[in-house]
Each structure stands twice: as C-alpha cells, then as structure tokens.
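only geometry, no sequence info:
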C-alpha cells in the first residue's frame, strides 16, 4: 500500500478524510511542490495556432521555485512545442501512453518513445480516456507500471462521473481507481494524483 497525501491536508476530498487513504508523513520530509497542469486535449487546431499560444505566454511570470507547471499538448504538437515550453521553465507531458511496449500496436505511443523524445511526464487515467475509450483500472495500472519502469512521471487522474457523485459513490469510485495502481507504484516522487470529477 502506498501513501497518498496533499501538501496541506492529507487524504482530503470534499473536506473529508478518505477512508482508503492512510495518513502518514515521513519524518523530516519536505512538502511536495504544488503542480499546475494544462491539458490541451485535442486543441489547438494547427501547429501555427500552437506557436501563437506559446508566444502569448512569453513573459508570463511564475515562481519556478514554488510551483511546477506541466503542459500536455497533443501528441503531434508535443515535439513542436517542447523546446519553447521548456524554455519558459515548464515541462511537457504526453496526454496518454500505451500499456504496451514496442511492437504491432498501431497508433500507440509507449513509454520508451517518451523517453527517446525526452518527455518526462504523461497523463494516465483521464476521465475521457476511461469513459470514451474504455480504459479500465487494470489498463491504467499497467500504464503506471510501464512509466515507473522507465522513470516517467505520471499525473494519475481519478474521479467519479456526475451520476456516481449524485449516487453517493465518490469514495468508492476513487478507492477502486487508486487501489488498482497502488501496488504498481515504487517511486512516489514520480506520481501526482489529480482528482478531476
């Protein structure tokens, strides 16, 4: 079992301690730096628009000592914007990674590919991947395992659907999604849990 925490109030969701989260802090452990992530989803529509977006960000200040910023462009834009994003003190992330390695897996991008391109972050478990593309808890756990093996940092998304929240299943859904990946996590420095209902 791993330990999940947030900087200010460990194991909280909607102001309540989650029953499936152990509250622990390592003696003398430094609090984790907050992270801000921006997922471009399937936007912008062109490479030119992506370049214009980045140009509009130039000179926008943020304290790199106090917050990490990770931008998740589309797979095709990722190599085009990586240098500019990193030049502004931010990191790039893939929006998805395969649970496979190299091989006959049409359309997939594996953890080895991300390493080769110097991409050190990826999203896993986004609600759209789960609901629109049928990604299961087992698949997300396999993806986390592949990334842990390659040293790729993961923004692991959890969260319930509106119907599940209205049905009082928030904790149950989040516990299920997390319990699948906890045994796969060997290095918690490479995992961020993002709650996105």
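Perfect, thanks for sending it. Predicted model only: the values in this text are computed from it and were never measured. Numbers count the residues shown, from 1 in each chain.

going by C-alpha atoms from here, please, whenever you check contacts or count neighbours.
Noted.

the chain: helices as residue ranges?
Under the criterion DSSP state H, helices of the chain are mapped to 47-57, 78-87, 111-116, 127-132, 137-150, 162-166, 170-181.

what are the buried residues along the third one?
It stands for helix 111-116. Residues of helix 111-116 classed as buried: 111, 112, 114 (neighbour count, 16 or more other C-alpha atoms under 10 Å).

ok, the spatially most central residue of the chain to residue 101 distance?
By C-alpha atoms, centre = their mean, the chain has its centre lying nearest to residue 155, at 1.6 Å. Distance, residue 155 to residue 101, using C-alpha to C-alpha, to the nearest Å: 20 Å.

isn't residue 151 right up against residue 190?
Yes: contact criterion C-alpha atoms under 8 Å: residue 151 and residue 190 qualify, at 7.2 Å.

which of the buried residues of helix 111-116 sits closest to residue 80?
residue 114 (14.1 Å; C-alpha to C-alpha).

tell me who's in contact with that closest one.
For residue 114, the contact set (C-alpha atoms under 8 Å, 6 or more residues apart in numbering) comprises 94, 120.

per-residue confidence at residue 27?
Note on residue 27: pLDDT of 49.

no wait, residue 8
For residue 8, the predicted pLDDT is 38.

repeat that for residue 62.
pLDDT at residue 62 comes out at 89.

now it: how far from residue 68?
Where residue 68 is concerned, residue 62 sits at a distance of 9 Å (C-alpha to C-alpha).

now swap in residue 103 and tell me
In this view, residue 103 and residue 68 are 34 Å apart by C-alpha to C-alpha.
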